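S.K.: Using only what follows, build the 3D model:
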Amino acid sequence: MRNWLVAVPATLVLVACGGGADNGGRGADRNALAAQACKAAAESRLDGKLYELDLKALGASMKDVPNGEQFLTAPITIEPGLTSEAKQIVECTVRFSDTKPQPDVVGFGFNW
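M.R.: Predicted structure coming up:
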């Protein structure tokens, strides 16, 4: 019984201190950074038009590609609620570098 009373609190401390599947949060940070970079790329191509883009979905979609880059994709609605509303898919490729905190967008496009 005494071993159980020691093991449970020790396990809770280890779980609370981190080290999950996302490398202590770093994986989620990389996804968010990549999504932000892709959002900026989208905005630069939209010429100030209104849009709706789910950054969490974009970040969650991040997948490794064979050349060491990461690919992200998510739906985007351009000019939502207007007669000119258009629904497309953002496709964005980023590359992380050890020398910079933000990834570089190396490929971007809107796909119908």
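
S.K.: show me the contacts for the most centrally placed residue in the chain.
M.R.: Nearest residue to the geometric centre of the chain (C-alpha atoms, centre = their mean): G59, 1.7 Å. When contacts are counted by C-beta atoms under 8 Å, 6 or more residues apart in numbering, G59 touches A28, N31, A32, A34, A35, L72. Placement of C-beta: from N, CA and C, glycine included.

S.K.: and it, how far is that from G48?
M.R.: Per C-beta to C-beta, to the nearest Å, G59 is found 24 Å from G48.

S.K.: go on, E79?
M.R.: Applying C-beta to C-beta to E79 and G48 gives a distance of 11 Å.

S.K.: Which helix runs longest in this protein?
M.R.: Under DSSP state H, the helix in the chain containing the largest number of residues is helix 26-45.

S.K.: Would you check the distance separating it from the middle of the chain?
M.R.: On the basis of C-alpha atoms, centre = their mean, to the nearest Å, helix 26-45 is displaced by 6 Å from the centre of the chain it belongs to.

S.K.: Going along the chain from that helix, find the next helix or strand for me.
M.R.: strand 51-53 (DSSP states H and E).

S.K.: Name every strand pairing with that next one and say which way it goes.
M.R.: Partner strands and pairing direction for strand 51-53 (DSSP bridges) are strand 70-78 (antiparallel).

S.K.: just the CA coordinates of the strand it pairs with, formatted as PDB?
M.R.: Taking C-alpha atoms only, strand 70-78 is exported to PDB below (Å, rounded to 0.1, in the frame of the first residue of the first chain):
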ATOM      1  CA  GLN A  70       6.600  21.100 -43.700                       C
ATOM      2  CA  PHE A  71       3.300  21.200 -45.600                       C
ATOM      3  CA  LEU A  72       0.200  22.900 -44.200                       C
ATOM      4  CA  THR A  73      -3.300  23.100 -45.700                       C
ATOM      5  CA  ALA A  74      -6.700  24.400 -44.600                       C
ATOM      6  CA  PRO A  75      -9.800  26.000 -46.000                       C
ATOM      7  CA  ILE A  76     -10.000  29.700 -46.400                       C
ATOM      8  CA  THR A  77     -13.100  31.900 -47.200                       C
ATOM      9  CA  ILE A  78     -12.300  35.100 -49.000                       C
END
